[in-house]
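Student: no sequence for this one, just the structure:
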C-alpha cells in the first residue's frame, strides 16, 4: 500500500509530520478515514477526539485533540487543531481527553474564600459573646 504525507499542527507547534498508510480523524459528522488517493476534502474536526494513524513503517500513533479542521489535498493532508497531545494508545488518548474536559479548580481562590468565611464566622460568634 502506498503512503501519503500527513501534518498535524497546533498553536503549540508541529505535533506530527510524516508518511502514513492510513489515518482516522474525529470529524463533526463522525469518524473519517483517509487512505492514499482520497478525494480532496475539507472537514471540521470534533470538539474532542482521537486521531489514529498508521505510519509507513507500520507503527500506530495516537493524538488527543480539541477542535480543528482537516484538509485533504492531492499532495498531502493537513490537520490544524487547537490542542494536541500524543498518547501511547487509544485508551491513553481517551484519558487525556477526559482529564482535559474536567473543570479546572483554582485552589488558591477556594482557600481564600474558606479563610474569609471562617474569619467572618469567628467575628460574628465573638460579637455574640
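Tutor: Cool, the structure landed. All values derive from a computational prediction rather than experimental measurement. Numbering: from 1, shown residues only.

Student: Just the element for the residue lying closest to residue 60 once chain neighbours are set aside, please.
Tutor: Excluding its sequence neighbours, the residue lying closest to residue 60 (CB to CB, 6 or more residues apart in numbering) is residue 54, at 5.4 Å. The C-beta positions use only the backbone N, C-alpha and C, and glycine is treated the same way. Using DSSP states H and E, residue 54 sits within strand 41-55.

Student: Now do the helix or strand that residue 32 is a member of against strand 41-55, angle only.
Tutor: Element membership for residue 32 (DSSP H and E) is strand 30-34. Relative orientation of strand 30-34 versus strand 41-55 (axes from the mean of the first three to the mean of the last three CA atoms, to 10 degrees): 70 degrees.

Student: For strand 30-34, buried residues please.
Tutor: Neighbour-count burial for strand 30-34 flags 32, 34 (criterion: 16 or more other CB atoms under 10 Å).

Student: Kindly report the same for stretch 82-93.
Tutor: Neighbour-count burial for stretch 82-93 flags 83, 84, 85, 87, 93 (criterion: 16+ other CB under 10 Å).
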